[in-house]
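**Student:** heads up, no residue letters with this:
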Ligand SMILES: O=P(O)(O)O[C@H]1[C@H](O)[C@@H](O)[C@@H](O)[C@@H](O)[C@@H]1O
Ligand SMILES: [Mg+2]
Ligand SMILES: [Mg+2]
């Protein structure tokens, strides 16, 4: 039987998450069709709009009203210099719009991701697919769902029978592109059925959790891309780890996830590292 604070939090979490998530999805769906003011962050490919900021502020204000003592790690606050420090305090880890480049181009793979950790343990995650009204959720020890349907990862162990998802991070210098394309080439040489990029790391990770893909890898994503999706994948029976094969390091800006450990290790062994620094190292560029 979970302790009282977890039962109470659990009930309030789902209420707050579903209400604020539903509201912000309405805002995102409306803004997707409208003219946008676009800025760039760490590179010309790393975009942000006023809707990213509006949605992030709205989610944080809603959560702060209910949980004033909690801490927050959020993408656009981090871009403005806020520290990404995961302490033992209850912490919300937020990506207000995952797939901002898609959002700017009206490409409908856009999500809101809200993760939650206590004592540095990921407890809960929700990811809203804004254009398809799908709520992916996972709570540690209680399973993962898409709306009311339970999620189960693929059990594939053979890379030559795998559909692999990835995303390109924001770095576009020639050396990074050579490494990125080299990783993709090695997986295709290993006869993977395909390698796909949809432009939203969180939605790609949800496809993995639902068994629609067999593996995911990326260099250059962030803790706010990973937090909610990690709970959802683990609760769907999958594995989320570091690209070195070591346990996941949420702040290391890199990940391999798969339905089976064998598949994850095959992917990890094929990858050459692309260095993006760390979310919690203020000195490294968060690009
Ligand atoms: O749209 P974002 O919230 O900036 O997330 C990006 C992510 O930062 C990048 O690394 C890629 O994974 C993209 O697919 C995400 O949308
Ligand atoms: Mg993101
Ligand atoms: Mg984002």
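**Tutor:** Perfect, thanks for sending it. Computed from a predicted structure; not experimentally measured. Ligands and ions are numbered 1, 2, ... in the order given.

**Student:** Skipping its backbone neighbours, what lies nearest residue 78 in space?
**Tutor:** residue 84 (5.3 Å; CB to CB, 6 or more residues apart in numbering). For every residue, glycine as well, the C-beta is placed using N, CA and C.

**Student:** swap that for residue 103, sorry
**Tutor:** residue 110 (4.9 Å).

**Student:** Contacts only, for the one you found.
**Tutor:** Residue 110 makes contacts with 28, 32, 97, 98, 99, 100, 102, 103, 129, 130, 131, 200, as judged by CB atoms under 8 Å, 6 or more residues apart in numbering.

**Student:** Keep only those residues that also lie close to ligand 1.
**Tutor:** Filtering those for neighbours of ligand 1 using CB under 6 Å from any ligand atom leaves 97, 98, 99, 100, 200.

**Student:** Now go through the residues you listed and say which are in strands.
**Tutor:** If you go by DSSP state E, these have 97, 98 in strands.

**Student:** which two in the contacts of residue 110 are spaced the farthest apart?
**Tutor:** Checked with CB to CB, those reach their widest spread between 100 and 129, with 14.9 Å between them.

**Student:** Output the below-cut-off pLDDT ranges for the stretch 151-287 of the chain.
**Tutor:** Applying pLDDT under 70 to the stretch 151-287 of the chain flags the ranges 282-287.

**Student:** And the residue of it found nearest ligand 3, how close does it get to ligand 1?
**Tutor:** Closest approach between the stretch 151-287 of the chain and ligand 3, counting by CB to the ion: residue 224, at 6.9 Å. From residue 224 over to ligand 1 the distance is 7 Å, taken as CB to the nearest ligand atom, to the nearest Å.

**Student:** Confirm that that residue sits in a helix.
**Tutor:** Yes. Under DSSP: H, G, I helix; E, B strand; the rest coil, residue 224 falls within a helix.

**Student:** what's the closest non-adjacent residue to it?
**Tutor:** residue 95 (4.0 Å).

**Student:** Helix, strand, or coil at that neighbour?
**Tutor:** Secondary structure state of residue 95, per three-state DSSP, is strand.

**Student:** Kindly provide the distance from it to ligand 2.
**Tutor:** 4 Å (CB to the ion, to the nearest Å).

**Student:** Tell me how many other residues crowd that residue.
**Tutor:** 33 (other CB atoms under 10 Å).

**Student:** show me the contacts for it.
**Tutor:** Here residue 95 is in contact with 74, 75, 111, 112, 113, 202, 222, 224, 225 (criterion: CB under 8 Å, 6+ apart).

**Student:** what ranges do the helices span in this protein?
**Tutor:** 4-32, 50-66, 75-79, 100-104, 174-189, 201-209, 223-235, 261-270 (DSSP state H).

**Student:** Dump the ones you listed to JSON lines, plus mean neighbour count.
**Tutor:** Below are the helices of the chain laid out as JSON lines (neighbours: other CB atoms under 10 Å):
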{"stretch": "helix 4-32", "mean neighbour count": "16"}
{"stretch": "helix 50-66", "mean neighbour count": "18"}
{"stretch": "helix 75-79", "mean neighbour count": "22"}
{"stretch": "helix 100-104", "mean neighbour count": "22"}
{"stretch": "helix 174-189", "mean neighbour count": "15"}
{"stretch": "helix 201-209", "mean neighbour count": "28"}
{"stretch": "helix 223-235", "mean neighbour count": "28"}
{"stretch": "helix 261-270", "mean neighbour count": "20"}
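
**Student:** For residue 249, find the nearest of the ones you listed.
**Tutor:** Using CB to CB, those put helix 223-235 closest to residue 249, at 9.6 Å.

**Student:** does ligand 2 sit close to that closest one?
**Tutor:** Yes. Helix 223-235 is in contact with ligand 2 by CB under 5 Å from the ion, via residue 225.

**Student:** That helix vs helix 50-66, what angle?
**Tutor:** Helix 223-235 and helix 50-66 are oriented at 70 degrees to each other (axes from the mean of the first three to the mean of the last three CA atoms, to 10 degrees).

**Student:** Could you shift the numbering so residue one becomes 14, and keep it that way?
**Tutor:** Renumbered: residue one is now 14, and that last one reads helix 236-248.

**Student:** And helix 236-248, how far out from the chain middle?
**Tutor:** Chain-centre distance of helix 236-248: 6 Å, with CA atoms, centre = their mean, to the nearest Å.

**Student:** ditto for stretch 228-247
**Tutor:** Using CA atoms, centre = their mean, the offset of stretch 228-247 from its chain centre is 4 Å.

**Student:** No further questions, thank you.
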